[in-house]
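Peer 1: Requesting a structural model of the entry that follows:
(2 chains)
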Amino acid sequence: MGFEPKIIAFCCNWCSYAAADLAGTSRIQYPHNVRIIRVMCSGMVHPELVLDALSHGADGVMVIGCHLGECHYQDGNHKALARSDMITELLDDMGYENERYSISWVSSSEPDRLARAFTNMTERIRKMGPVDLQNPAGQ
Amino acid sequence: MAVRAVLEWLNSCSGCEIAILNIGEALIPLVSEHLDIVHAPILMDHKCLGQCGEGSEIEIPEADIGIVSGGVANTEHLEVLLAMREKCRLLIALGTCATHGGIPALMNGQGLGEGIKGVFATSGTDPCSVPDVGVPAALDRVYACDEKVRIDLFLPGCPPNPALIAEVLTAVAQGRDPVQPGKSVCDTCQVLREGKGAVSKVRRFLVNADYNAEEPVQRMRCLLEQGFMCMGPVTAAGCAAAGLPPSCIRVGVPCRGCFGPVRRDGNQMLDMMNALASNGIDFKSVVDRRSLLRFSGAHGLLRQIRTRPVRERG
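Peer 2: Modelled structure (predicted):
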């Protein structure tokens, strides 16, 4: 059997999780590799959650929020965006490839866009292979 | 009845032991009524390999309390730490090296080989490699004590606060739970906070902060709001006596993070960068962000920078 990546997707309650719901009821297909975790806002995803996911066996982490300017909490996704630049840089410090993290915006009426984001990420991680730490924690 | 205590030091500078002595006059009733220190290589003349190093087995007497300072960097440290765990009912990690790796764990950011090269094999010294004859073998990296054995009580600080050491020792001797601070440096800081938002970059502490030394520190503006890289938000409190402002900030110097993360398993660099980024401060203005882990690089937090394998395109 080939490598099947595990991808954790933090979806915000108001847009991307609703889009995932709609994708389900519209019977849109997306890879089974993605595990969705519902959060109230993409702005509440602390970088530690991203690192925690990677260190506990996830091969990729996605944060998906509302389109910029459409956040239910005004500027939560702007915070997520500011953080995501930082996470991308810090992943290298922590020994992970920064392509293992991605952020994207999906509104509640765009299940296709969500499925596409999931598919792209799955393909990307599948090509990269499993997390290979040169200096893994706790060993 | 006095409880028996043993002290040992591992990869340590003896600052923690000095902090014990700095308990001052309160130490006298402590050792005369509560504690019976039976082994303390740096403070008393009793060593674990015989008085002149002639022994071959580590001998540490049985005790109720064991206090270790320093992290674990070589096989001797590990052996002593394991012996301490075996002989002591309650093991206390004293100082940030023992609890989070401390300054020596900065080595983890470059690896042992590079570390030795960069420190001992410079242009002014003889060429050398990692020494392997006549000295204990180095471990692959510097560990905090709790990565190797179970630790019952953590007392971070570089140096630890003598008042907290006294509190912990008294509490243990009296059989109650010690009262330790659980908040951040910012929570105990009393400087003026006028609101964030004006700062878009943080700078290093290369010029003096804006304050009047004649006035109390309560009149000084928060150093982070002045744009200095102050690690107060992500550092555990405890460096000053209760009610006083944190030690460094009291004299107009930003916090350097010596008490380690607020939560024991926190990551000071990640938390600080997160705090900066989500408050609209340019995280790229932090010079050498890995040094934010200067006191807490053990537990696998500080790692060698990943050398990226060249990927074939196509």
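
Peer 1: how about the helices of the chain, start to end?
Peer 2: Picked chain A for this. For chain A, the helices defined by DSSP state H occupy A:16-25, A:47-55, A:76-93, A:111-128.

Peer 1: think we crossed wires, I meant chain B
Peer 2: Counting by DSSP H, the helices of chain B are B:15-21, B:27-29, B:75-87, B:96-100, B:112-120, B:162-174, B:185-188, B:247-250, B:268-278.

Peer 1: Report the buried residues of the first one.
Peer 2: In other words, helix B:15-21. When burial is assessed from 16 or more other CB atoms under 10 Å in any protein chain shown, helix B:15-21 yields the following buried residues: B:15-17, B:19-20. Using the backbone N, CA and C atoms, a C-beta is placed for each residue, glycine as well.

Peer 1: you'd agree residue B:110 is up against residue B:141?
Peer 2: No: distance between residue B:110 and residue B:141: 10.3 Å, which falls outside the contact criterion (CB atoms under 8 Å).

Peer 1: more crowded one of the two?
Peer 2: Legend: neighbour count by other CB atoms under 10 Å in any protein chain shown for residue B:110 and residue B:141, higher for residue B:141 (26 against 18).

Peer 1: which residues sit in contact with that one?
Peer 2: Residue B:141 is in contact with B:105, B:107-108, B:111-112, B:298, counting by CB atoms under 8 Å, 6 or more residues apart in numbering or on different chains.

Peer 1: got a markdown table for those residues, with distance to residue B:166 and pLDDT too?
Peer 2: Shown next, in a markdown table, are those (distance: CB to CB, whole Å; pLDDT from 0 to 100):
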| residue | distance to residue B:166 | pLDDT |
| --- | --- | --- |
| B:105 | 27 | 93 |
| B:107 | 32 | 90 |
| B:108 | 32 | 90 |
| B:111 | 39 | 84 |
| B:112 | 37 | 83 |
| B:298 | 26 | 92 |
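
Peer 1: Could you give the residue of the stretch 51-200 of chain B that lies closest to chain A?
Peer 2: The minimum distance from the stretch 51-200 of chain B to chain A, using CB to the nearest CB, falls at residue B:147 (7.5 Å).

Peer 1: For chain B, just list every one of the strands.
Peer 2: Along chain B, counting by DSSP state E, strands occupy B:3-9, B:35-39, B:63-69, B:72-74, B:88-94, B:138-143, B:153-155.

Peer 1: List the buried residues of the lowest-mean-pLDDT helix or strand in chain A.
Peer 2: In chain A, no helix or strand scores lower on mean pLDDT, DSSP states H and E than helix A:76-93, which sits at a mean of 90. By 16+ other CB under 10 Å, the buried positions in helix A:76-93 come out as A:76-84, A:86-87, A:90-91, A:93.

Peer 1: Buried residues of stretch B:171-181, list them for me.
Peer 2: By neighbour count on 16+ other CB under 10 Å, the buried set for stretch B:171-181 is B:172-173, B:178, B:180-181.

Peer 1: Widest-spaced pair of those?
Peer 2: B:173 and B:181 (20.4 Å; CB to CB).

Peer 1: Can you name the residues bridging to the residue nearest the centre of chain A?
Peer 2: Geometric centre of chain A, nearest residue: residue A:62, 0.7 Å, by CA atoms, centre = their mean. For residue A:62, the beta-bridge partners under DSSP bridges are residue A:9, residue A:102.
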